[in-house]
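Asks: the following comprises the amino acid sequence and a computationally predicted model.
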Amino acid sequence: MEKLVHILLVEDNKMDVVLTLDAFREAHLANKIHVVNNGEEALQYIFGEGKFSNRKVYTMPNLILLDLKMPGIDGFEVLKRIKNTPEIKRIPVIILTSSKEEGDLSMGYDLGANSYLVKPVSFEGFLEVVRKVTDYWITLNVEPPVNGK
């Protein structure tokens, strides 16, 4: 039996949100995906603030899929805040972006990203990425304790 994993998708592009959710559905994965559309919402969700304060509804994610290029608070700032907070720094953060820039790649890893993936153009490519992310990060990877658990 598959374990239920809570994934936080941080993505400002509505088409990429639809594509990602469709890929998870197509792959028949039993994960709960929470979507936020910008860095500010991501930080509120992760830290249980504002409209995301009810942890029964907005469960702490086991995995974060993070876009980098967002208006306002970008993915780098979100990543920095997560990895600089002892209680949550072990939550795996996978950068999922269209940027192939070497500077973005370097900064992402320097700030503590667990993986850096470039978004495929085709749905089939996206589906393959979702399957591989799930196979490794949800099925094979042994989660570290978070929040003293």
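Replies: Received the coordinates, thanks. Numbers count the residues shown, from 1 in each chain.
Asks: walking through the chain, point out its strands one by one.
Replies: 5-10, 31-36, 63-66, 93-97, 115-118 (DSSP state E).
Asks: pretty sure Ser99 is touching Val118, no?
Replies: Yes - at 7.3 Å, Ser99 and Val118 qualify as touching, with contact defined as Cβ atoms under 8 Å. Glycine gets a C-beta too; all of them are placed from N, C-alpha and C.
Asks: quick check: the most centrally placed residue in the chain vs Val10, distance?
Replies: Nearest to the geometric centre of the chain sits Leu65, at 1.7 Å (Cα atoms, centre = their mean). Distance from Leu65 to Val10, counting by Cβ to Cβ, to the nearest Å: 7 Å.
Asks: ditto for Val129
Replies: 16 Å.
Asks: Ser106 too?
Replies: In terms of Cβ to Cβ, Ser106 sits 20 Å off from Val10.
Asks: and stretch 84-94, how far out from the chain middle?
Replies: How far stretch 84-94 lies from its chain's middle: 11 Å, per Cα atoms, centre = their mean, to the nearest Å.
Asks: one more: stretch 128-135?
Replies: 13 Å.
Asks: surely Pro145 and Arg90 touch.
Replies: Yes - counting by Cβ under 8 Å, Arg90 is a contact partner of Pro145 at 7.2 Å.
Asks: related to what we said a few turns ago, more neighbours, Ser106 and Val10?
Replies: Val10 (29 against 11; other Cβ atoms under 10 Å).
Asks: leaving out the residues flanking it, which one is nearest to the more buried one?
Replies: Spatial nearest neighbour of Val10, excluding adjacent residues (Cβ to Cβ, 6 or more residues apart in numbering): Ala42 at 4.3 Å.
Asks: thank you, goodbye.
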